[in-house]
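Pasting the sequence and the predicted model now:
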Amino acid sequence: MIRFEEVTKIYPGGQQALNRVNFHLQPGEMAFLTGHSGAGKSTLLKLIAMMERPTSGQVFINGHNLNKITKKQVPFARRDIGMIFQNHRLLMDRSVFNNVALPLIIEGYHLSDIKRRVAAALDKVGLLAKINNMPNTLSGGELQRVGIARAIVNKPPLLLADEPTGNLDPHLSMEILKVFEDLNSVGVAVMIATHDLGLIARMKYHTFTLRQGQMIHDGLSSSDLRESEFEPVI
Amino acid sequence: MIRFEEVTKIYPGGQQALNRVNFHLQPGEMAFLTGHSGAGKSTLLKLIAMMERPTSGQVFINGHNLNKITKKQVPFARRDIGMIFQNHRLLMDRSVFNNVALPLIIEGYHLSDIKRRVAAALDKVGLLAKINNMPNTLSGGELQRVGIARAIVNKPPLLLADEPTGNLDPHLSMEILKVFEDLNSVGVAVMIATHDLGLIARMKYHTFTLRQGQMIHDGLSSSDLRESEFEPVI
Amino acid sequence: MSLLFNQRKSPGANSANPGHRLVMYFIRHLQQALASIGELWRMPISSLLTMAVLGVSLALPTTLHLLMKNGQQLRSGWDSAAEITLFMEEGVSDSQTQKVLRRIGLYEQVNKVTYVGADDALEEFKSLSGFGDALSYLDKNPLPSVILVIPTTQYSSPEGARELLEKLQQQPEIAFGKLDVTWLEKLSAIVNLLDDAALALGILLLLAVALVIANTIRLSILNRREEIEVLKLVGATNDFIRRPFLYTGIWYGLIGGLIAWVCVSLILWWVEGTLLDLASQLGSELTLSGLSFSEFLILIALSSGLGWLGAYGSVMRHVYEIEPENQL
Amino acid sequence: MSLLFNQRKSPGANSANPGHRLVMYFIRHLQQALASIGELWRMPISSLLTMAVLGVSLALPTTLHLLMKNGQQLRSGWDSAAEITLFMEEGVSDSQTQKVLRRIGLYEQVNKVTYVGADDALEEFKSLSGFGDALSYLDKNPLPSVILVIPTTQYSSPEGARELLEKLQQQPEIAFGKLDVTWLEKLSAIVNLLDDAALALGILLLLAVALVIANTIRLSILNRREEIEVLKLVGATNDFIRRPFLYTGIWYGLIGGLIAWVCVSLILWWVEGTLLDLASQLGSELTLSGLSFSEFLILIALSSGLGWLGAYGSVMRHVYEIEPENQL
Ligand SMILES: Nc1ncnc2c1ncn2[C@@H]1O[C@H](COP(=O)(O)OP(=O)(O)OP(=O)(O)O)[C@@H](O)[C@H]1O
Ligand SMILES: Nc1ncnc2c1ncn2[C@@H]1O[C@H](COP(=O)(O)OP(=O)(O)OP(=O)(O)O)[C@@H](O)[C@H]1O
Ligand SMILES: [Mg+2]
Ligand SMILES: [Mg+2]
């Protein structure tokens, strides 16, 4: 589904965030991406979402080389990718309903469809009761869950999540992971960047580990993850 | 240091976030505040920081009743409180240095003092190397650490932290906690709202637990915390 | 529409009928136009302030236009200043005079011909000049009969009038003709000056309107930077993001135009007193004219157009520039 | 300054000397003033656009002022239109005439006195009226000697001139006097109209300037809502937050004023051609006057003041309103 070939990302300013990264996420696979703070996890996800372009190397989604996708095509490509952001990135002046409905409105769904799908997505994250609230009346964890609802509302074949459980309590984290597993079971590929080792340890999924921009753990089960991976290197 | 007496907070719209909460944080004490998502943790901290006013009941800091503090006095009172926010709340168009220096600039410190103190605070969170970066060139965890540096830069006698390790890996979380402990050892009172049960379990500090706006665990050691506290109630 | 996953069905594919699609396209545009009104409505003070700025800015060129328009009417009165006085030869008979009058009246350059007999001339001269009592000493009417010729507007300019005078003097019955060229030239210089000033002022004013609109839309785009970034993140095309701003620009222009119209009406009402006073003193049948309905429509169309144009300029540049950065 | 913790030392306490504190106060103001320039510099296009809007808006009332000022000079030429013609009684001797002239010249309402003898009057009448040839038929000069009196500016109004005329007619040597009141009243009506229109336009223009500045600062405050919230969170007072905006407003006004000055100079240069042309045709010594140095200073002070005022209005309301919400 996602394939990185010798991908290097150097930010303007010289910071090398990714260094010759290779990996392959199988179609319909669910995997974790982990690593210390500043290891390059968000950068890797941003390359997939075409929010950044690689300095060298190639990224493929479903066999399409992302370097070949023009700026005009990017919006259409992004509609196939559900993204959950490290900070929720909701619009503070629109209600929860309107925030979650955004991807559907953009694709031109009928209002009846939109209502049905938004309600279903909010139900999945346990926030149906707050459908008409404004975001600034929600708690941190609730905002994060609204962000998750927005990412899954149009049933994208690929889901990227950056620290989706950072503001959630352990119980809720498991609930959200179950939502991801449900989606995965109907064929959605899921990639989750997280620091939450407890979470990773409990789930037996493929885990990719970054360290200072290099992929040091690829394809191993999470069982042999050691905390030493998180030794800071800066 | 901080005393809540029968504090109730009902948000406009009718959401009851805190319900007759009583507790006392001793001077120079360090404590955790925990509870499920939406339990009222952030609300409690906001009441201390005068970002919200209680619907009924009283909040005391160092013996001063916050209800008696006028709107004009609020800024001066806030200078005694270091706050770390659930989302970092940095200014994206100012460098790391200028962000951390803000509380000092507001208090009218001399430039030489400012430079010294900012460097010291950034060193504590391991980001001295990024002192001249702009925030949008930092990773999520780095942003959170800059926020921590800003909160401690003017050595406030009271430190409030809302989910300070939500975006940090376990190793870095411990480092940051050590920073809090160091501050606590020189007399700073620290209150940390967090979901991170692992973190709480490892530290033997006073833990307050909220559940649906009620203080259900007050003064007990963290050792008898059960995960069942996090069962969602909504 | 799915780019990366060919097997995925997009919602638009549901309606295979192209006619239905076109209808949907317009329905969606209408929705966005209405939504952008709602947007304005949510920040009424802020929107009203912006529209007031536009309204006042638009009121200025409109006022100027009315000034020029009403001034034109005044000037058409002044055109009679280009009056040619023809002195008849002595001893021309009445019938000959009638023939000359008819002949001159047929000239295409001539607007109006009046005959003033020698006696009438003396009477008029007495009353006009204030020499009334002094002239009663005269034992003989010293004045000849004259023909007064008012040229058409084209021939009211100093050159045109002089040309016409040359022609008229060649009539055998005419002794000589006279034209107050100096006065005409003064008038023409004043009118030129006013025209120049109005042009300069008008250009400045339109520049101001364009700048105000572009600046307002630019600031409102920058204000909604976060929103634009989020929209781009969830897959909105640039066109989709731009449309509400363009509609907002149009609404701003439209309502600004209406405010301008109200302003102008108020100014008109205010100046009316003085203007009518002046008209009655000039003795002329000057009626003060406001904006005609078609001019009103032009104002509204122009202001909406300017709103759209300003929005378009800002939006094209800024929406493209804003890219979701970092903070994934 | 520490409110909750009395034992805590604030940095200001270091300098016990009140003089030093005052110096520090001004240094800090200066720093913020300079910092707000830096702020403008970081967004040069955006700032320039705003200043251009202000500049153009300010250029309009300034142009209007210049128009009125230069028009005043023109009008001072027109004042001679309020000319009183006094016809002498027949048989008044030369020495009596000289006395009358001297007496009238001493009237404080009188600006200038000219004597036109009967022969001169006929000559002038011949050449002016165009009846030249016709008048040569006269065997006796029908015209009396006249005295032309030009009143001072105060007495150039229709009422004033009439009043003066009454007085002058009481002189025994004067047969009667004449005043072209109609022409004067027409002129006065025109001038009133122009004054009214200029006032209406000027009020509109200043309204526009005030609105533009208030709106610009308002939008820039809303644009920096996040920044204001964060500043409040870390303990900044409202005054501290407001100051940079006030300085920004002053800078906007200042530079807007300079741009206005440039605009006005350009307009002046453009209109000059026509204006000088007109002056030479009027035969008057009209010199086109631009902004004097003190007027320039007034323009700059006014624009800075307007900038400050607009900023102040916006800032007082909005900075107070913005409170750090939620998202702790
Ligand atoms: N726009 C940018 N310009 C320059 N440097 C950047 C930029 N974005 C990120 N970086 C740097 O690249 C490195 C990797 O950043 P990235 O955001 O990928 O880390 P991360 O693994 O997501 O960390 P975290 O867990 O803290 O979110 C960091 O050192 C960061 O400072
Ligand atoms: N401004 C507001 N207006 C109305 N309701 C609010 C407001 N802020 C918070 N709430 C509601 O009050 C409850 C408590 O919110 P709070 O932010 O204190 O929770 P929290 O314990 O910090 O949760 P989290 O762990 O998810 O951050 C939530 O149900 C939330 O929806
Ligand atoms: Mg990250
Ligand atoms: Mg919270």
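That came through, no problem. Ligands and ions are numbered 1, 2, ... in the order given.

Tell me, please, the helix or strand in the chain that averages the lowest pLDDT.
I'll assume chain A. When the helices and strands of chain A are scored by mean pLDDT, DSSP states H and E, helix A:197-202 comes last with a mean of 75.

let's do chain C instead
Taking mean pLDDT, DSSP H and E as the measure, the helices and strands of chain C show their lowest mean at helix C:132-135, namely a mean of 56.

Can whatever helix or strand comes next after that helix be said to contact chain D?
Toward the C-terminus, helix C:132-135 is succeeded by strand C:146-151 as the next helix or strand (DSSP states H and E). No. On the criterion CB under 8 Å from any CB of the partner chain, strand C:146-151 is out of touch with chain D, staying 9.3 Å away. All C-beta spots, glycine's among them, are computed from the backbone N, C-alpha and C.

And for stretch C:253-271?
Yes. Under the criterion of CB under 8 Å from any CB, chain D is reached by stretch C:253-271 at C:263, C:267, C:270-271.

of those, closest to ligand 3?
Within the residues of stretch C:253-271 next to chain D, distances to ligand 3 taken as CB to the ion reach their minimum at C:Cys263, with 54.0 Å.

helices or strands up against the helix or strand harbouring the closest one?
Under DSSP H and E, the secondary-structure element containing C:Cys263 is helix C:238-282. Helices and strands touching helix C:238-282, by 3 or more CB pairs under 8 Å, 6 or more residues apart in numbering or on different chains; DSSP states H and E, are helix C:18-42, helix C:44-78, helix C:181-223, helix C:225-233, helix C:293-321, helix D:181-223.

Going by proximity to ligand 1, name the top residue of the stretch 1-150 of chain C.
Nearest residue of the stretch 1-150 of chain C to ligand 1 (CB to the nearest ligand atom) works out as C:Leu4 at 22.7 Å.

D:Pro61 versus the residue nearest the centre of chain C, what's the distance?
The centroid of chain C falls nearest to C:His65 when counting by CA atoms, centre = their mean (3.4 Å). Computed with CB to CB, to the nearest Å, the distance linking C:His65 and D:Pro61 is 19 Å.

how about stretch A:88-101, does it reach ligand 2?
No. Applying CB under 6 Å from any ligand atom, one finds stretch A:88-101 separated from ligand 2 by no less than 10.4 Å.

Could you tell me the model confidence score at C:Ala121?
The pLDDT attached to C:Ala121 in the predicted structure is 67.

List the buried residues of stretch A:169-180.
Counting neighbours by 16 or more other CB atoms under 10 Å in any protein chain shown, one finds that the buried residues in stretch A:169-180 are A:169-177, A:179-180.

ok, now stretch A:41-56?
By 16+ other CB under 10 Å, the buried positions in stretch A:41-56 come out as A:41-52, A:54.

C-alpha coordinates for that stretch, PDB please?
C-alpha atoms of stretch A:41-56 as PDB (Å, rounded to 0.1, in the frame of the first residue of the first chain):
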ATOM      1  CA  LYS A  41       7.500  10.200  12.600                       C
ATOM      2  CA  SER A  42       5.400  13.300  11.700                       C
ATOM      3  CA  THR A  43       7.700  14.000   8.700                       C
ATOM      4  CA  LEU A  44       7.200  10.500   7.400                       C
ATOM      5  CA  LEU A  45       3.400  10.900   7.600                       C
ATOM      6  CA  LYS A  46       3.600  14.300   6.000                       C
ATOM      7  CA  LEU A  47       5.400  12.900   3.100                       C
ATOM      8  CA  ILE A  48       2.600  10.300   2.600                       C
ATOM      9  CA  ALA A  49       0.000  13.100   2.800                       C
ATOM     10  CA  MET A  50       2.000  15.300   0.300                       C
ATOM     11  CA  MET A  51       2.300  18.000   2.900                       C
ATOM     12  CA  GLU A  52       6.000  17.800   2.300                       C
ATOM     13  CA  ARG A  53       8.000  16.500  -0.700                       C
ATOM     14  CA  PRO A  54      11.000  14.200  -0.300                       C
ATOM     15  CA  THR A  55      14.400  15.700  -0.900                       C
ATOM     16  CA  SER A  56      15.300  12.500  -2.600                       C
END
